[in-house]
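[1] Got a sequence here, can you model it:
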Amino acid sequence: MERHFRADGFISPREFKRLDRALDIASQNIRAEKHDRQARIAYNLWSN
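    Now for the predicted structure:
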């Protein structure tokens, strides 16, 4: 997405806002996966 926005040489304020929001959502998704108890329990079952 960022490459597409930078294709013309700069990122407009509208593009920056859209990119920033997409990165925020990605960060939230990563945090949710990192703190997902289901994944942690499954990992502990395999390690025993």
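[2] for the helix or strand in which residue 32 is found, packing partners?
    Element membership of residue 32 [criterion: DSSP states H and E] is helix 13-34. Applying 3 or more Cβ pairs under 8 Å, 6 or more residues apart in numbering; DSSP states H and E, one finds that helix 13-34 makes contact with helix 2-6. Just so you know, the C-beta spots here come from the backbone N, C-alpha and C atoms, and that holds for glycine as well.
[3] any residues touching the helix it packs on, and which ones?
    Here helix 2-6 makes contact (Cβ atoms under 8 Å, 6 or more residues apart in numbering) with 11, 12, 15, 16, 18, 19.
[4] hmm, back to that, next, the buried residues of the helix holding residue 32.
    Going by neighbour count (16 or more other Cβ atoms under 10 Å), the buried part of helix 13-34 is 15, 19.
[5] Make 862 the starting number, not 1.
    OK, 862 is where the count begins now, so the last one is helix 874-895.
[6] what does it rub up against?
    862, 863, 866, 872, 900.
[7] Around the first one, how many other residues sit close by?
    For residue 862, the number of neighbouring residues by other Cβ atoms under 10 Å comes to 10.
[8] picking that back up, okay if I get the contacts of helix 874-895 as JSON lines plus distance to residue 893?
    JSON lines is the format used below for the contacts of helix 874-895 (distance: Cβ to Cβ, whole Å):
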{"residue": "862", "distance to residue 893": "21"}
{"residue": "863", "distance to residue 893": "23"}
{"residue": "866", "distance to residue 893": "26"}
{"residue": "872", "distance to residue 893": "27"}
{"residue": "900", "distance to residue 893": "10"}
